[in-house]
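Engineer: Test case, fold it:
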Amino acid sequence: MLIQPALPADFVSIKAKKAFLYEGPSSSTDKEFIITEGYPLQVVVRLKDWIKVKDHLGKISWIKSADITRDRNVMTLNDNVNLFYKPTTDSVHLAKIDKDITLKLLSPFPTNGWIKVKTLSQNIEGYIRAEDVWGL
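Structural biologist: Prediction:
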């Protein structure tokens, strides 16, 4: 039996101001959703001009390769996610972040359950619990 190491999940983000998620790998298939800039998606399969992706709810769709970037973002899963100056709850509290907010991921590797992020609207850098986001 051959055992292969688990590969980290492959994530991309939307680079266009808005993009369509399609039912299949063609513009002639039904448009399922419109998503906006920064939204993180997990890559399932890559074709030449299309990528099969999964969103934070587990929905599988297709998107044009031209609409994505390898820049990493995450999305908050809960209301009132706390953003701290350092990766500890004893640190200075910087902000509370609502559910379904996209944040720039500054380091894709959690440290003791914390990740470093930056808010897109106010450019505040800090740490949040990895369990509070989708996209790692």
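Engineer: And the contacts of the lowest-mean-pLDDT helix or strand in the chain?
Structural biologist: Ranking every helix and strand in the chain by mean pLDDT, DSSP states H and E puts strand 31-36 at the bottom, with a mean of 87. The set of residues external to strand 31-36 that reach it, using CB atoms under 8 Å, 6 or more residues apart in numbering, is 14, 17-23, 41, 55, 59, 61. No exception for glycine: its C-beta is placed from N, CA and C like everyone else's.
Engineer: For that strand, output the C-alpha coordinates as CSV.
Structural biologist: Output of strand 31-36 as CSV, limited to C-alpha atoms (Å, rounded to 0.1, in the frame of the first residue of the first chain):
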residue,chain,number,x,y,z
LYS,A,31,-25.1,31.1,-13.9
GLU,A,32,-25.6,30.0,-10.3
PHE,A,33,-24.2,33.0,-8.3
ILE,A,34,-22.6,36.4,-8.5
ILE,A,35,-19.7,36.8,-6.1
THR,A,36,-17.6,39.8,-5.4
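Engineer: how far is it from where the chain is centred?
Structural biologist: 15 Å (CA atoms, centre = their mean, to the nearest Å).
Engineer: Pairing partners for that strand, with directions?
Structural biologist: In the sheet, strand 31-36 lines up against strand 18-22 (antiparallel) (DSSP bridges).
Engineer: For the strand it pairs with, buried residues please.
Structural biologist: 19-22 (16 or more other CB atoms under 10 Å).
Engineer: how about residue 96, what does it touch?
Structural biologist: 80-83.
Engineer: Could I get the buried residues of strand 18-22 in CSV, plus columns for pLDDT and distance to residue 92?
Structural biologist: Converted to CSV, the buried residues of strand 18-22 look like this (pLDDT from 0 to 100; distance: CB to CB, whole Å):
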residue, pLDDT, distance to residue 92
19, 92, 36
20, 93, 41
21, 93, 38
22, 93, 44
